[in-house]
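Participant: Give me a 3D structure for the following:
(one chain, ligands or ions: 1)
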Amino acid sequence: MARVATLVELEERKRAGFVSLVGAGPGDPELLTVKALKALQNADVVVVDRLVAPTIRALAPAGARVIEVGKAPGRPSTPQARICAILVREARAGHRVVRLKGGDPLVFGRAVEELAALTAAGVAFEIVPGITAALGCAAAVAVPLTGRGERRELVLLTGHATDGAAEHDWPALARPGRTLAIYMGVGAAPHIQARLLDAGIDPQTPLTIVENGTLPRQKVLTGRIADLVALVGRHRIRGPAVIFIGAHPLRAAAAPVLVEAA
Ligand SMILES: C[S@@+](CC[C@H](N)C(=O)[O-])C[C@H]1O[C@@H](n2cnc3c(N)ncnc32)[C@H](O)[C@@H]1O
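Facilitator: Residues are numbered from 1 along each chain as shown. Here you go, the predicted model:
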């Protein structure tokens, strides 16, 4: 079972340099785990994705150095090799480094490259899980991800690949009995809708889009899979958003902003 580091362990880590790869959850600071909060509060250096909410970064100690990396609107993203080099450099300088990532570090989080760099450099690390966007968004608006006897599978998938829209086994995804939670799917909405319809999904399959889930500007749209592209366009969905296919919110009242397709 995961446990919180003792003071002696924290001192030891400070001497040797240590990286905590921490999941910041989907945005609401109250969704941080106790372990994530503790790692953040003990950090000398915080290497943070620009998309991580300011309210979460603010939990780092006043004296901690914050290094922003990742994507920023209208600016080029920090190359992954540079992020890896920063982590190794700061740990070797004897710092307790927190690498703060949105959601969970191991879900579409490019943790693999960073862990490989730390391992190659002989830097000790730990992974602190976070609430991934699909789970945070589903809870925020009461979308049931499974249903006894009707939906037995939950599939997390990305709509985006390095070379454009991602391809998947669409006929398998189109079969009833599963909920799809699509990350990074806004730009690929036309591709996703077309592929699923071509693969034979029922056009009436429920659809829920949660943009900025768990944050004050959260937006929720509901409709059918055949409405996906129209909803994204009409409501100017830019993301970050999770597209749920196969489920609707249980109670409309659960969502601060809910727009239902006609
Ligand atoms: C690069 S992936 C990182 C996923 C992250 N590691 C996780 O576990 O949630 C970024 C995508 O996560 C989803 N996402 C992250 N935060 C979100 C939020 N607050 N609301 C809705 N979707 C979110 C969006 O699909 C976004 O494009």
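Participant: Please enumerate the helices of the stretch 151-262 of the chain.
Facilitator: Under the criterion DSSP state H, counting those that start in this stretch, the stretch 151-262 of the chain contains helices at 170-174, 189-198, 228-234.
Participant: From the chain's centroid, how far away is the shortest one?
Facilitator: The reference is to helix 170-174. Taking Cα atoms, centre = their mean, to the nearest Å, one finds helix 170-174 lying 23 Å from the centre of the chain it belongs to.
Participant: now for it, which elements pack on it?
Facilitator: helix 189-198 (3 or more Cβ pairs under 8 Å, 6 or more residues apart in numbering; DSSP states H and E). (Glycine included, C-beta is placed from N, CA and C.)
Participant: Tell me where the longest helix sits in the chain.
Facilitator: The longest helix of the chain (DSSP state H) is helix 80-92.
Participant: Packing partners of that one?
Facilitator: In terms of contacts (3+ Cβ pairs under 8 Å, 6+ apart), helix 80-92 is packed against strand 18-23, strand 45-49, strand 65-69, strand 96-101, helix 111-121.
Participant: orientation of the fourth one relative to strand 18-23 in degrees?
Facilitator: Between the axes of strand 96-101 and strand 18-23, defined by axes from the mean of the first three to the mean of the last three Cα atoms, to 10 degrees, the angle is 20 degrees.
Participant: by how many degrees do strand 96-101 and strand 45-49 diverge?
Facilitator: 10 degrees.
Participant: hmm, who's touching strand 96-101?
Facilitator: Strand 96-101 is contacted by residues 10, 13-14, 17-24, 39-40, 42-49, 52, 56-57, 60, 87, 90-91, 105, 109, 111, 114, 130 when judged by Cβ atoms under 8 Å, 6 or more residues apart in numbering.
Participant: Over in the stretch 101-250 of the chain, which residue gets nearest the ligand? Let me know.
Facilitator: residue 103 (1.9 Å; Cβ to the nearest ligand atom).
Participant: Tell me who's in contact with that residue.
Facilitator: 23-26, 109, 130-133, 136.
Participant: bridging residues for it?
Facilitator: Under the criterion DSSP bridges, residue 103 forms beta bridges with residue 25.
Participant: The ligand contacts on the stretch 151-262 of the chain?
Facilitator: 183-184, 210, 212-215, 239-242 (Cβ under 6 Å from any ligand atom).
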